[in-house]
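Peer 1: pasting a predicted model and its sequence here:
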Amino acid sequence: MQATFRKLVHSTMSSLKPSPTPPRAQLLSTATPELTASSLATASSILRAGGLVAFPTETVYGLGGSALSEEAVQSIYAAKGRPSDNPLIVHVSSREMMLDLLPGREASVPKLYEPLLEKFWPGALTFIFPLVGSVPAKRVVAPSVTAGQPSLALRMPSHPLTHALIAESNVPLAGPSANLSSRPSPTTAAHVVHDLGEGRGVGAILDGGECAVGLESTVVDFVPGKTEGEEGELRVLRAGGVSAEEIEACLAKAGFGAKAEEGDGTTTTTKKIKVYRRDFRSDEMEEKPTTPGMKYKHYAPSNARVVLVRPTPASTSADDATLSLFDIVSLSSSASTSTSPFRVGLMLTSETLSLLHPSSTTSTPSTGDRITFPTTTLFTTPPTTFLSYSLGSTTRPVEAAQRLFAGLRYFDALPRDEESEGSDGVDLILVECVEETGVGLAVMERARKSAGGAKEVLFRV
Ligand code: TXA
Ligand code: MG
């Protein structure tokens, strides 16, 4: 039955063969209501014909194709150069569309998911659902979507353009982030044009401006209880736009987790969630493509090396392992054989930038501003240029989330002066560590991966 249905879907999609994809993706504007309507109509028809459209969401841009067409899904993997064992998230625009993709419909939705679906959908939370059941789903996803996993990842984004695109095309959208595999995720249409705009088989890029969250969605999975009647628990496989604390609070409010009376009359609730790497990890999971481990290279600039730095006040760091900014740069630039200036991108919080650049104590240097230090403190060969990029205030980690990928891409693509030799991009990017609470947990997970897992360096400011 399932096989017959799959064949039917496949033959229907194949009969709607996409017309040959032009080598360059069309950039579809949404600057006015009229343009938005015609752009959505163009994007929908490309999707319905089995083609690919990059679309904005509130987290990052996605590369979308029909989740029901094996051909479309295969072309997503090919466009990104994505390993075929790493499954895709499917985006839906309604609960009905979600249920149509699940063999057990309502029975496939764990009870623990209900309050989270209620609170965080539409939004930056992706749920993994079991793909088991004796009856096939009403709409069967193409086999490559799940890459052999017996489960399906679903998300309903809150961005109005994503919602309109899925609803108008009536196509559940398989959509990984719209970057070349291993590069930072795109948070503007220009980032997508850079990675996938030409010769990658993408039909169009729907321009929705900058993404508000700037990091991918949080991915959660349900682990059933060992015995019947046991609630089971939630695992956060990938930290993201919705924080672990928010998820925990939502579940506690909905009455999940055992309650215990404390001696002082207050009640505590047993935690119902475990966050990968924060609360548990396993070598076996680390090897899986579906765990945000280190199996694949991720978020790495193509030209620059990334080093994580944790500022430490000079007064407390006299005799420990802290380095000055110049020590860090000298260590990295000593191997350079180029005579061109060694360029360092400083992705730091506004507080640290102000400390380093005291002449601008009232305002933080803007993106790309040169930061100059008293020349007596710096005798490096080749000469070093420091360029600033603010990660926002330490008191507002959502700003670091919003700006991290954009900053890595900014420095990676920064053109050289005409007279300098070498490829574009800076030579070294220093990224400041932020506190790992709230969305800061996801920021640091991405930052660590962009640094290839290397340890952070303490530096004196
Ligand atoms: O915010 C986002 O999540 C963006 C936007 C476009 O929605 N999408 C995104 O997709 O980041 P991608 O493919 O870059 O990351 C999806 C993550 C991967 O780590 C993948 O391994 C995991 O979700 N995943 C997908 N299906 C899964 C499954 N069935 N079981 C476990 N993990 C799954
Ligand atoms: Mg991705």
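Peer 2: Looks like it came in fine. Residues are numbered from 1 along each chain as shown. Ligands and ions are numbered 1, 2, ... in the order given.
Peer 1: where's the closest residue to Cys433 other than its chain neighbours, which helix or strand?
Peer 2: The spatially closest residue to Cys433, leaving aside those adjacent along the chain, is Arg310, at 4.5 Å (Cβ to Cβ, 6 or more residues apart in numbering). Every C-beta, even on glycine, is put in place using the N, C-alpha and C of the backbone. In the assignment (DSSP states H and E), Arg310 maps to strand 305-312.
Peer 1: please name the bridge partners of Thr312.
Peer 2: Beta-bridge pairing for Thr312 (DSSP bridges): Arg460.
Peer 1: contacting residues around it?
Peer 2: Each residue near Thr312 by Cβ atoms under 8 Å, 6 or more residues apart in numbering is listed here: Thr322, Leu458, Phe459, Arg460, Val461.
Peer 1: and Thr59, by the same measure?
Peer 2: Thr59 neighbours (Cβ under 8 Å, 6+ apart): Ala124, Pro157, Cys211, Val213, Gly214, Leu215, Glu216, Ser217, Gly240, Gly241.
Peer 1: does the spatially closest residue to Ile89 that is not a sequence neighbour count as helix, strand or coil?
Peer 2: Leaving aside its chain neighbours, Ile89 sits nearest to Ala153 (4.5 Å; criterion: Cβ to Cβ, 6+ apart). Following DSSP: H, G, I helix; E, B strand; the rest coil, we place Ala153 in the strand state.
Peer 1: again, but for the one 5 residues further on
Peer 2: What three-state DSSP gives for Ser158 is coil.
Peer 1: go on, Leu27?
Peer 2: Three-state call for Leu27 (three-state DSSP): strand.
Peer 1: quick check: closest non-adjacent residue to Ala244.
Peer 2: Val275 (4.9 Å).
Peer 1: in a helix, the one you found, correct?
Peer 2: No - counting by three-state DSSP, Val275 is not found in a helix; it is strand.
Peer 1: neighbours around it, how many?
Peer 2: Other residues near Val275 come to 23 when the count uses other Cβ atoms under 10 Å.
Peer 1: now Ala254
Peer 2: By other Cβ under 10 Å, 16 other residues sit near Ala254.
Peer 1: what's near enough to touch the residue sitting nearest the centre point of the chain?
Peer 2: In the chain, the C-alpha nearest the mean C-alpha coordinate belongs to Glu216, at 3.0 Å (Cα atoms, centre = their mean). Taking Cβ under 8 Å, 6+ apart as the criterion, Glu216 is in contact with Thr59, Val60, Ala124, Ser177, Ser185, Arg238, Gly240, Gly241, Ala442.
Peer 1: which residue is the nearest non-sequential neighbour of Ile46?
Peer 2: Nearest-residue entry for Ile46: Gly203, 4.1 Å, with adjacent residues in sequence omitted and distances by Cβ to Cβ, 6+ apart.
Peer 1: doesn't Gly50 make contact with that neighbour?
Peer 2: No - Gly203 is beyond contact range of Gly50, at 9.7 Å (criterion: Cβ atoms under 8 Å).
Peer 1: picking that back up, please convert the buried members of the contacts of Glu216 into PyMOL selection syntax.
Peer 2: Buried residues within the contacts of Glu216, by 16 or more other Cβ atoms under 10 Å, are selected in PyMOL with:
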select buried, resi 59+60+124+177+185+238+240+241+442
